[in-house]
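Enquirer: The following block contains a protein sequence and its predicted model.
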Amino acid sequence: MFKQQRVSVVIPALNEEQSITHVIHDLWKLKNADGQNIIDEIVVCDNGSTDKTAHVAFKAGAKLVFQKQRGYGKACQSAIAGLDPCDIVLFVDADDSCFIPQAIALLDAIVDGADLSIGSRTLGEIEEGALTPVQLFGNWLSAILIRLLWKHPISDLGPFRAIKSCVLTQLDMKDERYGWTVEMQVKAIQHKFVTIECAVDSKVRIGTSKISGTLKGAIGAGFGILGMITKLRVQQASYLAAHTTTVKTKDDTRFQTACQATLVIFCKRPLIYQGKQRLAATIGAKSAFSIAQALLDCALEDANAWPGQVVLTISNKEDVVWASSLLDRPHSVIVQNSGNLGLRINSIDKQLRALGHDRLVFIGTDAPMLTVKHYQQTCQALTIHDVVLSNAEDGGVVIMANCQPWPDLEALPWSTEYLGKTLKEACVQDNLDLVCISSGYDIDVEQDLLKLQRDLYNDPRSARQNLYQQINMFTEKHLEIEYAQVINK
């Protein structure tokens, strides 16, 4: 078991007698700190092998099932049907092309809250010759299509992956051939399950691949993957057409034009006695906590309305599940690295660009005065400028947007009145074309709340109205206290 979770392994195999013993032995070598096996069960599906695959797999300690009908997906389905009850299912290919100890990262991701963890070879080290040009191109094209069609960043369709057993059942997998892996990933996105990519390394496989090793196999896999993407998209479009009604109304709280940028929200889980300390010093910790939650809701309201992709970044990996449930739309969750805000922005920027995000709009959760006008100005400006900033009245910024990598941000004076000025200077020094749009302000002290109360009076957005009501309650209570103090004097 792995951290109280029963783990079963599925290995589809076709003529892999040279490699499968190595894979099975490496899996049995995985141990917990107490020396107990991490893997509880290994099921190999022999998919019509003509060599000794079944014999050597059984000898290495695997449970065998047989499926004469050829197909990667069919073999996986047959192996799953042969599993004993378990909590996590780990998928491993039989060709010894992956590093089995890296399964720990995949299992850790599941235990930490993910529903599906994908071993991304693209994010790891690829040994020369491990992936053919056809495989690399196919992965790239599939990832691009999934990003475009489902607004969800992925980097690989790697077969090395782990999934909660209950989630696997809900996905109702159907594909029997080459579309198995992409079907799992897309269906997880459609069901809004938490999907995380973990970097894994790949090495040259033992023996010849039945897919990438032959022209027929490569073409078949390509058509299978693209066909599955098309099928799932058509099914989703048909369902939406049958279950939704479009009403055309004029609403200036919604985007009127498309935006190709990705919205990146740096958010922190509101906790009482943590965060908003300057605000808490004057209005109390409990009131500051309520305001922090309402501010977060406003940022999430903007994210739900955003026409492009959305990424939530969090500082604590324990909050992955919490962050994954915040929005009523597909989104990604990325755990920030350590360091100051500048370092973390640089790191997130680099990660997202590696996944194909070209235009990024960074915001926090403490600027509820931001409107669709601010966002549309930002998106439009990004089509002709490298960097777009919305200055804050206190000298900071409320929007940072870029279509080129940020300069080194670590040394900037974060959380000071000099941030906006030094950020502009850093961008100019890096030869980035910069423009500033309408300015705004963030919520740090009690006086900011009073200003916000006036600005939200006619704002029809529901989260803003909830925040407006909370500020009203606070100010009314504050007035009662002041009145009582006057009477007592």
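Expert: Good, I have the coordinates.
Enquirer: make it CA atoms for all contacts and neighbour counts henceforth
Expert: Noted.
Enquirer: Domain-wise, how is the protein divided?
Expert: 7-241, 262-478 (automatic domain parsing).
Enquirer: phi, psi of Cys436?
Expert: The phi/psi pair for Cys436 (degrees, to the nearest 10) reads phi -110, psi 130.
Enquirer: Now it: closest residue in space, sequence neighbours ignored.
Expert: Leu389 (4.8 Å; CA to CA, 6 or more residues apart in numbering).
Enquirer: Ok, Asp26 next?
Expert: Ile100 (6.2 Å).
Enquirer: On the three-state scheme, Thr169 is what?
Expert: Here Thr169 takes the helix state, with states given by DSSP: H, G, I helix; E, B strand; the rest coil.
Enquirer: got any ranges where the chain has weak pLDDT?
Expert: Filtered on pLDDT under 70, the chain yields the residue ranges 207-224, 236-259, 475-489.
Enquirer: got a list of what the residue nearest to the spatial centre of it touches?
Expert: Closest to where the C-alpha atoms of the chain average out (CA atoms, centre = their mean) is Ser332, at 2.6 Å. Ser332 sits next to 152-153, 310-312, 324 when contact means CA atoms under 8 Å, 6 or more residues apart in numbering.
Enquirer: next one: Ser462
Expert: Here Ser462 is in contact with no residue (CA under 8 Å, 6+ apart).
Enquirer: Which parts of the stretch 1-150 of the chain are strands?
Expert: For the stretch 1-150 of the chain, the strands defined by DSSP state E, counting those that start in this stretch cover 7-13, 41-46, 63-66, 88-91, 116-120.
Enquirer: Using TSV, lay out those strands together with mean neighbour count and distance to Ile265.
Expert: TSV is the format used below for the strands of the stretch 1-150 of the chain (neighbours: other CA atoms under 10 Å; distance: least, CA to CA, whole Å):
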stretch	mean neighbour count	distance to Ile265
strand 7-13	25	35
strand 41-46	27	41
strand 63-66	18	46
strand 88-91	24	31
strand 116-120	26	22
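Enquirer: Out of the ones you listed, flag the one nearest Tyr418.
Expert: Closest approach to Tyr418 among the strands of the stretch 1-150 of the chain (CA to CA): strand 116-120, 40.3 Å.
Enquirer: Strand partners (parallel or antiparallel) of the closest one?
Expert: strand 161-164 (antiparallel), strand 195-199 (parallel) (DSSP bridges).
Enquirer: hmm, who's touching it?
Expert: In contact with strand 116-120 (CA under 8 Å, 6+ apart) are residues 106-107, 109-110, 155-164, 188, 193-200.
Enquirer: ok so, going back, make a PyMOL selection of the buried ones in the contacts of Ser332.
Expert: Here is the PyMOL command that picks out the buried ones among those, judged by 16 or more other CA atoms under 10 Å:
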select buried, resi 152+153+310+311+312+324
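Enquirer: Pull the most distant pair out of the contacts of Ser332.
Expert: Those two in the contacts of Ser332 that are separated most widely, counting by CA to CA, are Pro153 and Ser324, at 14.3 Å.
Enquirer: returning to what we had before: what's near enough to touch the residue nearest to Asp26?
Expert: 23, 26-27 are the contacts of Ile100 under CA under 8 Å, 6+ apart.
Enquirer: Out of the residues you listed, list just those in helices.
Expert: Taking DSSP state H, the ones among the contacts of Ile100 that sit in helices are 23, 26-27.
Enquirer: which of the residues you listed are buried?
Expert: For the ones in helices among the contacts of Ile100, buried by 16+ other CA under 10 Å: 23, 27.
Enquirer: if we take the ones in helices among the contacts of Ile100, which one ends up nearest to Asn304?
Expert: Leu27 (42.1 Å).
Enquirer: The closest one reaches Asn37, doesn't it?
Expert: No - assessed by CA atoms under 8 Å, Leu27 is found out of contact with Asn37, at 9.0 Å.
Enquirer: picking that back up, would you mind giving the strands of the stretch 1-150 of the chain as TSV with distance to Leu300 added?
Expert: Formatted as TSV, the strands of the stretch 1-150 of the chain follow (distance: least, CA to CA, whole Å):
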stretch	distance to Leu300
strand 7-13	36
strand 41-46	42
strand 63-66	47
strand 88-91	31
strand 116-120	24
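Enquirer: So Val361 lies in a strand, does it not?
Expert: Yes - counting by three-state DSSP, Val361 falls inside a strand.
Enquirer: excluding its backbone neighbours, what's nearest Asp455?
Expert: Nearest to Asp455 is Met369, by CA to CA, 6+ apart, at 7.2 Å.
Enquirer: distance of the one you found from Glu17?
Expert: 64 Å (CA to CA, to the nearest Å).
Enquirer: now Arg344
Expert: Counting by CA to CA, the gap from Arg344 to Glu17 is 47 Å.
Enquirer: ok, now Trp414?
Expert: Taken as CA to CA, the span from Trp414 to Glu17 is 59 Å.
Enquirer: Those two: who's more crowded?
Expert: Under the neighbour definition other CA atoms under 10 Å, Trp414 and Glu17 were set side by side, and Glu17 has more, 22 against 17.
Enquirer: and the closest residue to that one other than its chain neighbours, what is it in contact with?
Expert: Of all residues not flanking Glu17 in the chain, Thr53 sits nearest, at 4.2 Å (CA to CA, 6+ apart). If you count contacts by CA under 8 Å, 6+ apart, Thr53 has them with 13-18, 20, 46.
Enquirer: Which of those fall in helices?
Expert: Per DSSP H, the subset of the contacts of Thr53 in helices is Ile20.
Enquirer: Of the contacts of Thr53, which is the nearest to Gly440?
Expert: Ala13 (59.5 Å).
Enquirer: which one is that closest one nearest to, not counting chain neighbours?
Expert: Asp46 (5.2 Å).
Enquirer: tell me the contacts of that neighbour?
Expert: 12-14, 53-54, 64-68, 75.
Enquirer: Same check on Ala103?
Expert: Ala103 touches Arg161, counting by CA under 8 Å, 6+ apart.
Enquirer: same deal with the one 4 residues further on?
Expert: Leu107 makes contact with 2, 88, 117, 162, according to CA under 8 Å, 6+ apart.
Enquirer: now, among the residues you listed, which is nearest to Thr422?
Expert: For these, the nearest to Thr422 is Ser117 (39.7 Å; CA to CA).
Enquirer: Surely Ile334 and Leu312 touch.
Expert: Yes - counting by CA under 8 Å, Leu312 is a contact partner of Ile334 at 6.4 Å.
Enquirer: Quick check: the residue nearest to Ala13 vs Pro85, distance?
Expert: 21 Å.
Enquirer: One more: Ile345?
Expert: 43 Å.
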